[in-house]
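Peer 1: Sequence and predicted model, in that order:
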Amino acid sequence: MIAVIDYDMGNIRSLGYALQRLGAEWKLTSDHSEILEASHVVLPGVGNAAEAMQRLKDRNLPDLLWKIRRPVLGICVGMQVMCRHSMEGDVECMGIFDAKVRRFEEAPGIKVPNMGWSPIANMESKLFKGIHSNEFVYFVHSYYAPLCPDTIATSRHPDLFSAALKYENFYGCQFHPEKSGEVGERILANFLSL
Amino acid sequence: MPAKRIIPCLDVKNGRTVKGINFEGLTDVGDPVELGDRYAQEGADELVYLDISASKEGRNTFTELVGRIAGSINIPFTVGGGIASLEDAARLLEAGADKITVNSAAVANRDLISEISGKYGRQFVVVAIDAKKVDGIWRVTTHGGSRITDLELFSWAKEVEKRGAGEIMFTSMDHDGTRNGYPCETFATLCDSLSIPVIASGGAGSARDIEEVLSEGKADAALAASIFHYGEISIKTLKESLAEKGIYVRK
């Protein structure tokens, strides 16, 4: 059973459908024992990082997440709140990944949010097994994690940033694997086989 | 920089696709899910589904359809048509839509953009702007171009951005349906003045038109309906020809 953490942050329906298409059984939950017993845990997230962090704290989830020894995947804002800090709302985050989340700077020709399909490169994890450098995935975000020791994939807008992070059993994707076509499905399948 | 996006638009009436070509192997041309899935396989970067049913039953059928689309399509999709309230947006989000598009309702009630964006995030809100040139000024129109408002295109686009739109979809009513191409200079001015992405809609008659609006017109994405539905050009061929011209597209 895969636990998708329920903290009322955005639309998780497409993530659920994507897991279903892979034949996985999943449950939306904020119940601590269910989360600890799950084979895999997904922390989704759409919206504001400060609000996401507050909602996690309201449910005593940050401390719980640290205790999980099974694979955990944070997606988009879910990944950002697993970093040390976010500029969005100037909020201290969980500190699992050694990065401080920053906002993209608007510049001529550089749109914020970074919305659309961009290639990923420099992949260094089983999460990307079978994925070639410069395959495209779908991003929607105004904030990003800079490169850091936990970076396991990069993308550009226009400078390099962390497309994915890993620390021990914790993984994070800035892009949305559930919306990234076949490439995204392979990444989710890789996560489920960790 | 993300790749330039190609977005087929499907009109849906009472749960059925209105226009559509007979792809080989497609069992049901009228099924919006099957047609959308085919476009996704061909390399479409996103899909837009517009509900053109004018009845309450049609609306309900569309909401059910959005759930089916979310269940089987693995790329982002936007839905629109008659969204006039936060409740309409909530219903479609709940059904699984990634984004919604609002048009006339945003002009009638400007707070609608901020309300939806404030609640569900900027990435969820695409504001469609239809405009036509009247006495040398681009005027915003509503109700399919039939009503001309006092709003001027560029200042309205700025306001829409400030109010929380994540993207703007601009249609020139002078070009829509003509298949003579897009007003590229206007697109370039619009794109330069905004920090959010601009989707070009209405006017594509050929691959060349799309190439122009994505290069000279600086648009971030191109939306088209008839050139795909009537099978004049496949998305795969279009993207190959754009790539040959040096336009950055997802392969």
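Peer 2: In hand now; what should we look at? For clarity, every value in this text was computed on a predicted model and none was experimentally measured.
Peer 1: Where does the prediction get shaky in the stretch 1-150 of chain B?
Peer 2: In the predicted model, the stretch 1-150 of chain B carries pLDDT under 70 at residues B:19-29.
Peer 1: mind listing the strands in the chain by residue range?
Peer 2: All of this is about chain A. With strands called from DSSP state E, chain A shows them at A:2-5, A:26-29, A:40-43, A:72-75, A:85-86, A:91-92, A:100-103, A:114-120, A:135-141, A:143-144, A:151-156, A:160-167, A:170-173.
Peer 1: I was thinking of chain B, sorry if that wasn't clear
Peer 2: For chain B, strands defined by DSSP E occupy the ranges B:5-13, B:16-17, B:47-51, B:77-80, B:99-102, B:125-134, B:137-142, B:147-152, B:167-172, B:198-201, B:221-224.
Peer 1: what about the last one and chain A, touching?
Peer 2: Yes. Between strand B:221-224 and chain A, judged by CB under 8 Å from any CB of the partner chain, the touching residues are residue B:221. For the C-beta atoms, the positions are set from N, CA and C on the backbone; glycine is no exception.
Peer 1: Report the central residue of chain A.
Peer 2: In chain A, the C-alpha closest to the average C-alpha coordinate belongs to residue A:75, at a distance of 2.2 Å (CA atoms, centre = their mean).
Peer 1: ok, it - contacts?
Peer 2: Contact partners of residue A:75, counting by CB atoms under 8 Å, 6 or more residues apart in numbering or on different chains, are A:15, A:42-45, A:172-173, A:176-178.
Peer 1: Is it bridged to anything, and to what?
Peer 2: Residue A:75 has these beta-bridge partners by DSSP bridges: residue A:173.
Peer 1: so whatever residue of chain A ends up closest to chain B bridges to which residues?
Peer 2: Per CB to the nearest CB, residue A:116 is where chain A lies closest to chain B, at 3.1 Å. Beta-bridge partners recorded for residue A:116 (DSSP bridges): residue A:139.
Peer 1: For residue B:250, see how far away it is.
Peer 2: Separation of residue A:116 from residue B:250 (CB to CB, to the nearest Å) stands at 8 Å.
Peer 1: Next, show the common contact partners of these two.
Peer 2: Listed contacts common to residue A:116 and residue B:250 are B:3, B:5, B:45; contacts here mean CB under 8 Å, 6+ apart.
Peer 1: got the contact list for the closest residue to the last one other than its chain neighbours?
Peer 2: Counting by CB to CB, 6 or more residues apart in numbering or on different chains, residue B:5 is the residue found nearest to residue B:45 once chain neighbours are left out, at 3.9 Å. With contacts defined as CB under 8 Å, 6+ apart, residue B:5 is in contact with A:116-117, B:45-46, B:199, B:220-222, B:250.
Peer 1: Buried ones from the residues you listed, can you make that a ChimeraX selection?
Peer 2: Buried members of the contacts of residue B:5 can be picked out in ChimeraX with the line below, counting by 16 or more other CB atoms under 10 Å in any protein chain shown:
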select /A:116,117 /B:45,46,199,220,221,222,250
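Peer 1: okay, among the contacts of residue B:5, which ones form the most distant pair?
Peer 2: B:199 and B:250 (15.5 Å; CB to CB).
Peer 1: Look over the contacts of residue A:75 and name the one with the lowest pLDDT score.
Peer 2: The member of these with the lowest pLDDT is residue A:45, and it reads 83.
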